[in-house]
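J.: Give me a model of this one.
(one chain, ligands or ions: 2)
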Amino acid sequence: MSTQNRLRIALQRSGRLADSSLELLARCGLKTMRGKDQLVCVGENLPVDLMLVRDDDVPFLIREGVCDAGIVGFNLAREIELELLGRGEDCGFEIEQTLDFGACRLSIAGPEEAPFRGLGDLSGQRIATSYPATLAWFLREQGISAQIVTLSGSVEIAPRLGTADLVCDLVSTGNTLAANGLIERMEVSQSQAVLLRAKETFIEDRAEVFERMLERMRGVLQVRESKYIMLHAPRAALTDIRRLLPGSEIPTVMPLEGSADRVAIHAVCNENVFWETLEALKAAGASALLVLPVEKMLA
Ligand code: PRP
Ligand code: ZN
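T.: Numbering: from 1, shown residues only. Ligands and ions are numbered 1, 2, ... in the order given. This next block holds a predicted model:
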């Protein structure tokens, strides 16, 4: 198959989102020839190639048409979008799907010893960040005028160096802030991993491959919490039982050999099934309860 027809997805090579991004694609059935140190991972069983790059490069690779899609933190996509918008340019990518991993927040933090009473205390301060466009947007929204100090890395040491009073940085576990004697003061926005796609129409068959990968990704996201539940119950309790099944679609009801008033019920629950639910089902007359994990789902 020509490379024209191979979908290119950009992923972070190493860092917070790297492992989960690869794992998601693996769960979508993509097998790649390993070689993590290489820039390109070739898909063996699907016309999909992965480009392993710095996360900051992902949105630009899509914008420049080198890749068709990519996985990055929402915070980064938003920052680049806002920055380009500020220059009157279109970003060329859009968010197709949130991916339920890599949760973190962009927050303003300051030294423990510096008192902070609220929003008004940001006024006139110097705030160091790698997300200047997002911070500018936030300050504008809040009607605060402060000085933004743009840094490309090691933002957390700026207050100690005296180059800024506060920082605006990503917080995940909070370890980085704590290690630098900083306290989170105010949340600017929340973030998680997202799938980006080029706004432009895909070349040839790539559109079809993208749709297929997207559908599989959605399937993976959906089954994460899903359970398959099987039980026996009196036919008369059917309505009660259905009400107790968390997030289930129409269950399958089957007769039980040699039993006129009891039936077997099978259902997919789109939420986790807890012990409390099983106990309630039992109290409603259910028996032979069995809960199984769901591996794949295609609606
Ligand atoms: C962010 C941020 C902090 C760290 C916070 O960096 O800049 O350094 O994560 O995480 P913690 O609260 O768990 O300590 P990121 O992972 O985005 O790396 P990058 O800026 O090098 O891309
Ligand atoms: Zn980065």
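J.: Around ligand 1, which positions in the stretch 101-250 of the chain sit nearby?
T.: 169, 170, 171, 172, 173, 174, 175, 176 (Cβ under 6 Å from any ligand atom). Where you see a C-beta, it was placed from the backbone N, CA and C, and this is true even at glycine.
J.: Quick one: classify the last one as helix, strand or coil.
T.: It refers to residue 176. helix (DSSP: H, G, I helix; E, B strand; the rest coil).
J.: For the nearest residue to it once chain neighbours are set aside, what are phi and psi?
T.: Distances taken as Cβ to Cβ, 6 or more residues apart in numbering put residue 156 closest to residue 176, at 5.5 Å, once the chain neighbours are dropped. Per-residue torsions, residue 156: phi -60, psi -20 (degrees, to the nearest 10).
J.: which residues touch residue 156?
T.: Counting by Cβ atoms under 8 Å, 6 or more residues apart in numbering, residue 156 touches 167, 169, 176, 177, 179, 180, 182.
J.: Does residue 267 touch residue 254 like I think?
T.: No. Using Cβ atoms under 8 Å, residue 267 is not in contact with residue 254, being 11.7 Å away.
J.: what about those two, which has more around it?
T.: residue 267 (22 against 12; other Cβ atoms under 10 Å).
J.: Give the closest residue to the more buried one in space, chain neighbours not counted.
T.: Going by Cβ to Cβ, 6+ apart, residue 267 has residue 251 as its nearest residue, at 3.6 Å.
J.: neighbours around that neighbour, how many?
T.: 20.
J.: wouldn't it be in contact with residue 245 here?
T.: Yes. Counting by Cβ under 8 Å, residue 251 does reach residue 245; the two are 6.7 Å apart.
J.: what do the two both touch?
T.: By Cβ under 8 Å, 6+ apart, the residues touching both residue 251 and residue 245 are residue 267.
J.: For the stretch 1-150 of the chain, which residues are neighbours of ligand 2?
T.: 55, 56 (Cβ under 5 Å from the ion).
J.: Looking at the stretch 1-150 of the chain, which residue is nearest ligand 1?
T.: residue 16 (4.1 Å; Cβ to the nearest ligand atom).
J.: Can you classify that residue by secondary structure?
T.: coil.
J.: how much space between the residue lying closest to it once chain neighbours are set aside and ligand 2?
T.: Computed as Cβ to Cβ, 6+ apart, the closest residue to residue 16 that is not its neighbour in sequence is residue 102, at 5.9 Å. To ligand 2, residue 102 is 12 Å away according to Cβ to the ion, to the nearest Å.
J.: Phi first, then psi, for residue 102.
T.: Dihedral angles (degrees, to the nearest 10) for residue 102: phi 70, psi 30.
J.: hang on, it packs against residue 190?
T.: No. Between residue 102 and residue 190 there is no contact under Cβ under 8 Å: 11.3 Å.
J.: elements contacting whichever strand or helix holds residue 148?
T.: Assigned by DSSP states H and E, residue 148 falls within strand 147-150. The contact analysis (3 or more Cβ pairs under 8 Å, 6 or more residues apart in numbering; DSSP states H and E) places strand 147-150 against strand 126-129, helix 132-142.
J.: burial measure for the one residue in the stretch 51-200 of the chain that gets nearest to ligand 2, as a count.
T.: Using Cβ to the ion, the closest approach of the stretch 51-200 of the chain to ligand 2 is made by residue 55 at 4.3 Å. The criterion is other Cβ under 10 Å. On that basis, residue 55 has 21 neighbouring residues.
J.: ok, now how distant is it from residue 22?
T.: Separation of residue 55 from residue 22 (Cβ to Cβ, to the nearest Å): 13 Å.
J.: Check what pLDDT the residue of the chain most remote from its centre gets.
T.: Outermost residue of the chain with respect to the C-alpha centroid, by Cα atoms, centre = their mean, is residue 258; its distance is 49.0 Å. For residue 258, the model assigns a pLDDT of 91.
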